[in-house]
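Peer 1: Provide a 3D model corresponding to the input given below.
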Amino acid sequence: MYSATPEGTIGSLIGIFSVPLTGALSDRWGRRRVYRIGSVFLLLYSFPAWWMLTLGNHALAIAVIAVGIGFGVNVMLGPQCAMLPEMFGNRHRYLGVAMARARSRWCSPADSRACSSPT
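Peer 2: Below is the predicted model of the structure:
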């Protein structure tokens with residue numbers, strides 16, 4: 001069973017604003033462009049974030065992870081919510097989105113925590 005963490009909570013609170021904003025931006029600029037902006041942000045953010053995490057400051061670690069979740073992950077979630085249904089026709093939309101989401105979970109490093117923790 002998972003418990004709420006401060007960085008996850010703060011990241012989700014940031015996501016309350018970043019997901020609708022990036023969803024609206026993807027309507028204006030295009031889904032792929034906004035999705036790529038989030039991907040590039042995470043790529044560039046990972047290097048200073050890793051360094052800041054190694055400093056051992058608990059408050060800084062919470063802030064680093066919250067920003068990574070709140071801006072990096074959620075910037076990609078905004079356009080993804082519209083992009084995945086658009087990739088499949090009306091007949092296969094539900095199955096296509098469900099399979100795409102399920103298959104992406106196989107590669108997720110977050111699952112390693114769930115798989116390795118004792119129940």
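Peer 1: in three-state terms, label the residue of the chain positioned farthest from its centre for me.
Peer 2: Within the chain, residue 91 marks the point farthest from the mean C-alpha position, 27.7 Å out by CA atoms, centre = their mean. Counting by DSSP: H, G, I helix; E, B strand; the rest coil, the backbone at residue 91 sits in coil.
Peer 1: state the pLDDT value of it.
Peer 2: pLDDT, residue 91: 71.
Peer 1: quick one, helices of this protein?
Peer 2: Remark: helices assigned in the chain by DSSP state H are 6-29, 31-53, 58-67, 74-87, 93-106, 111-116.
Peer 1: just the ones you listed: most buried one?
Peer 2: A comparison of those by mean neighbour count, using mean count of other CB atoms under 10 Å, puts helix 74-87 on top with a mean of 18. The C-beta positions use only the backbone N, C-alpha and C, and glycine is treated the same way.
Peer 1: and the gap between the residue minimising distance to the centre of the chain and residue 85?
Peer 2: Nearest to the geometric centre of the chain sits residue 73, at 2.3 Å (CA atoms, centre = their mean). Separation of residue 73 from residue 85 (CB to CB, to the nearest Å): 19 Å.
Peer 1: same question for residue 102.
Peer 2: Taken as CB to CB, the span from residue 102 to residue 85 is 15 Å.
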